[in-house]
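# My questions concern the predicted model and sequence given below.
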Amino acid sequence: MNGRLTVHAAADKVIVKRQRIELEEEGRSLDEGLQSNNLPTERDVSSCEQDDDLMAGQITPPKRVQGHSDIVPLVKDLTASFHHDTNSTSTFSLSHEDQDLYNAASEWFRTKVGRDTETTIQNVRKDQFREPWVHDLLYDRLKLLRTGLGPQCDEKTYTSFWIVPDFVALQTGIRGLISTGFANENHFVPSAWRRALSRGKPYAKGTSVDAYYLGRDDFVDIIFENVGSPSCTDHAKHTEDKEKSYRNAADALLERFYNSTGSFEIAKGYCVIIVIVFGRGVSIYTINIREANEFAVSKVFQGKYHFSKDVYLANILIHLKFCLTIKTIMERNVDVSCEFGNSIESLPVEEQAHFNLSLHSTPTKERIRRQASSIGSD
């Protein structure tokens, strides 16, 4: 994995450098044309973005597909607001197909549960479930349960040994759902708002997440953050990690839809997934566009990990429910993406600027400084 990440990072640097050179050349040509007409240049209008490092680009290069631009703004203006739906956990439901699959798998698995973990492993090995990826998920979970995990293990062990296998099951078991994933990387670099939010604090705000996963179209669909070890009770860090993840999810939505010419109302239905693990608790949130600079946050799943050797074995079904929740959301996203793509031709090109303003507006330099100052004084 480390070797793949190194190659990925090196390739990104080369591509980003080439894109930067191309953009600079295009910018010089544009400035020359504007100066010949005695018009203000882009450099004159937006020098604040250079001063505040607001146009720091993505480490992963933007996508060159129909309906998208190479230059994508980030949630950098400190005005992005997140509205929480307090009833979302109770209202979310799996798709009919996934709910039927969960019910069938639960019934099958409970018939295999024996007096201990080892007996259950033998029963599951003899009689496989109809869906191979579900069988492999539960079987591998039993083997991990046999080994056990101490509550005092460190965050890295907790993540790699207990949490990541669920993502691996989705990536390898369901073809086309998740194309790839990267650990401990920055996909977006909205450094200005991170600096502002960390002013007055004894430490800098982190920019990387524990992992992000790309969907079938190579845009970010899942952001994962583990707050700490199984015994972690740092509520302040929990709050900050959630806030950081919300911002990155909003950036993912901007990358996907900015400079598109499709239906803004359809775009609102697309959800980026955030997985937060805090102590033994695991939560799944969705972030979607609400209005310009406004995003809706919904908690759609909440559970508790059980990893003691003598735990009631049926509790490991939480891992199946976790995976099916992500599967349902991502498959609904595919439908939204197709519907949005079909709406691209129906919106005249001249309305693209209006679409961008509906999605995100960038403030003036003075407004940014005023917001940063007010946050730093809190």
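All right, it came through fine.
# mind checking the SS state of the residue lying closest to residue 130 once chain neighbours are set aside?
Distance criterion CB to CB, 6 or more residues apart in numbering; nearest residue to residue 130, sequence neighbours excluded, is residue 104 at 7.6 Å. Every residue, glycine included, has its C-beta placed from N, CA and C. What DSSP: H, G, I helix; E, B strand; the rest coil gives for residue 104 is helix.
# which parts of stretch 130-137 are buried?
For stretch 130-137, the buried set under the neighbour-count rule, 16 or more other CB atoms under 10 Å, comprises 133-137.
# between those residues, which is nearest residue 159?
Minimum distance to residue 159 across the buried residues of stretch 130-137 is 17.6 Å, recorded for residue 137 (CB to CB).
# any idea how far the nearest residue to the closest one once chain neighbours are set aside is from residue 304?
The shortest distance from residue 137 to any non-neighbouring residue, by CB to CB, 6+ apart, is to residue 169 (4.4 Å). Per CB to CB, to the nearest Å, residue 169 is found 19 Å from residue 304.
# between the two, which one's more packed in?
Taking other CB atoms under 10 Å, residue 169 and residue 304 do not tie; residue 169 has more neighbours (21 against 10).
# Tell me which helix or strand that one sits in.
Using DSSP states H and E, residue 169 falls within helix 164-173.
# Packing partners of that helix?
Packed against helix 164-173 by the contact rule (3 or more CB pairs under 8 Å, 6 or more residues apart in numbering; DSSP states H and E) you find helix 132-147, strand 178-185, strand 209-215, helix 317-343.
# let's go with 6 Å and repeat that
Judged by 3 or more CB pairs under 6 Å, 6 or more residues apart in numbering; DSSP states H and E, helix 164-173 is in contact with helix 317-343.
# which helices and strands sit right next to the helix it packs on?
helix 96-110, helix 164-173, helix 264-267.
# That helix to helix 164-173, inter-axis angle?
Put simply, helix 317-343 runs at 50 degrees to helix 164-173, going by axes from the mean of the first three to the mean of the last three CA atoms, to 10 degrees.
# In helix 317-343, which residues are buried?
Result for helix 317-343 [16+ other CB under 10 Å]: buried residues 317-330, 333, 336-337, 340-341, 343.
# where exactly do the strands run in this structure?
Along the chain, counting by DSSP state E, strands occupy 81-85, 178-185, 209-215, 220-226, 272-278, 281-291, 294-304.
# Name the strands paired with the third one and say parallel or antiparallel.
To tie it back to what came earlier, the one meant is strand 209-215. According to DSSP bridges, strand 209-215 forms sheet pairs with strand 178-185 (antiparallel), strand 220-226 (antiparallel).
# which secondary element of the protein has the worst mean pLDDT?
Every helix and strand in the chain was compared by mean pLDDT, DSSP states H and E; the lowest is helix 47-51, with a mean of 37.
# Apart from its neighbours in sequence, what residue is nearest residue 269?
Sequence neighbours aside, residue 336 is the residue nearest to residue 269 in space, at 4.5 Å (criterion: CB to CB, 6+ apart).
# And that neighbour, what's its pLDDT?
Among the per-residue scores, residue 336 shows a pLDDT of 94.
# hang on, isn't it packed against residue 270?
Yes - in this structure, residue 336 is within contact of residue 270 by CB atoms under 6 Å, at 4.8 Å.
# From residue 259, how far off is the nearest residue to residue 237 once chain neighbours are set aside?
Once flanking residues are discounted, residue 237 sits nearest to residue 227: 5.6 Å by CB to CB, 6+ apart. Separation of residue 227 from residue 259 (CB to CB) stands at 35 Å.
# Pick out whichever of these two has more residues nearby.
Set residue 227 next to residue 259 and count neighbours by other CB under 10 Å: residue 227 wins out with 21 against 18.
# thinking again about what came up before, could you measure from the residue nearest to residue 137 over to residue 153?
For residue 169 relative to residue 153 (CB to CB), the value is 21 Å.
# Then residue 343?
Residue 343 sits 48 Å away from residue 153, taking CB to CB as the criterion.
# cool, residue 118 as well?
Taking CB to CB, one finds residue 118 at 22 Å from residue 153.
# who has more neighbours, those two?
Taking neighbours as other CB under 10 Å, residue 118 and residue 153 compare with residue 153 leading, 16 against 11.
# give me phi/psi at that one?
The phi/psi pair for residue 153 (degrees, to the nearest 10) reads phi -70, psi 160.
# ok, how many other residues are close to the nearest residue to residue 321 once chain neighbours are set aside?
Distance criterion CB to CB, 6+ apart; nearest residue to residue 321, sequence neighbours excluded, is residue 102 at 6.3 Å. For residue 102, the count of nearby residues is 18 (other CB under 10 Å).
# Distance-wise, check residue 102 relative to residue 216.
Counting by CB to CB, the separation of residue 102 from residue 216 is 23 Å.
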